[in-house]
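Engineer: A structural model of the following input is requested.
(one chain, ligands or ions: 1)
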Amino acid sequence: MAKITFLPSGKCFEVNSGALLFDAALRAGLPVASSCSADFVCGKCNMQVLSGVENLSPQRVRERELLARDKKSESDRISCVTRVYGDCSVKTTYW
Ligand code: FES
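Structural biologist: Residues are numbered from 1 along each chain as shown. Take a look at the predicted model:
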């Protein structure tokens, strides 16, 4: 199991190791921006990782390209392709 803390509310949610960050947020009752239905095209589902980056799946080249295209921080992750393997905390601009 892995614990995700969603900030700024501090809401915690436990997921099985390997769960997608995108799915976890939705299951925790939080909205996730998307215009591609998690098809890894729009880049709108990005989340800023505040801790536990070492517990997430490695970034792929395409993910880095999407983040750069949208001028996002290097600490952001595209949540629909990011898997969680241990505790972490994340936030978005709209929670
Ligand atoms: S929902 Fe579109 S890239 Fe993740």
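Engineer: near the ligand, which residues of the chain?
Structural biologist: The chain comes close to the ligand at residues 34, 36, 38, 40-45, 78, 80, as judged by CB under 6 Å from any ligand atom. Where you see a C-beta, it was placed from the backbone N, CA and C, and this is true even at glycine.
Engineer: how about JSON lines for those, with distance to Asp23 added?
Structural biologist: Formatted as JSON lines, the entries for those read as follows, by distance: CB to CB, whole Å:
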{"residue": "Ser34", "distance to Asp23": "12"}
{"residue": "Cys36", "distance to Asp23": "15"}
{"residue": "Ala38", "distance to Asp23": "8"}
{"residue": "Phe40", "distance to Asp23": "13"}
{"residue": "Val41", "distance to Asp23": "17"}
{"residue": "Cys42", "distance to Asp23": "16"}
{"residue": "Gly43", "distance to Asp23": "17"}
{"residue": "Lys44", "distance to Asp23": "16"}
{"residue": "Cys45", "distance to Asp23": "11"}
{"residue": "Ile78", "distance to Asp23": "13"}
{"residue": "Cys80", "distance to Asp23": "8"}
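Engineer: tell me where the chain has helices.
Structural biologist: In the chain, the helices defined using DSSP state H lie at 21-27, 61-69.
Engineer: what's the most buried one of the ones you listed?
Structural biologist: helix 21-27 (a mean of 19; mean count of other CB atoms under 10 Å).
Engineer: can I get it in CSV? Just the C-alpha atoms.
Structural biologist: C-alpha atoms of helix 21-27 as CSV (Å, rounded to 0.1, in the frame of the first residue of the first chain):
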residue,chain,number,x,y,z
LEU,A,21,-2.0,9.0,-9.6
PHE,A,22,-4.8,10.2,-11.8
ASP,A,23,-7.1,7.3,-10.7
ALA,A,24,-6.2,7.7,-7.1
ALA,A,25,-7.2,11.4,-7.1
LEU,A,26,-10.6,10.6,-8.7
ARG,A,27,-11.2,7.8,-6.2
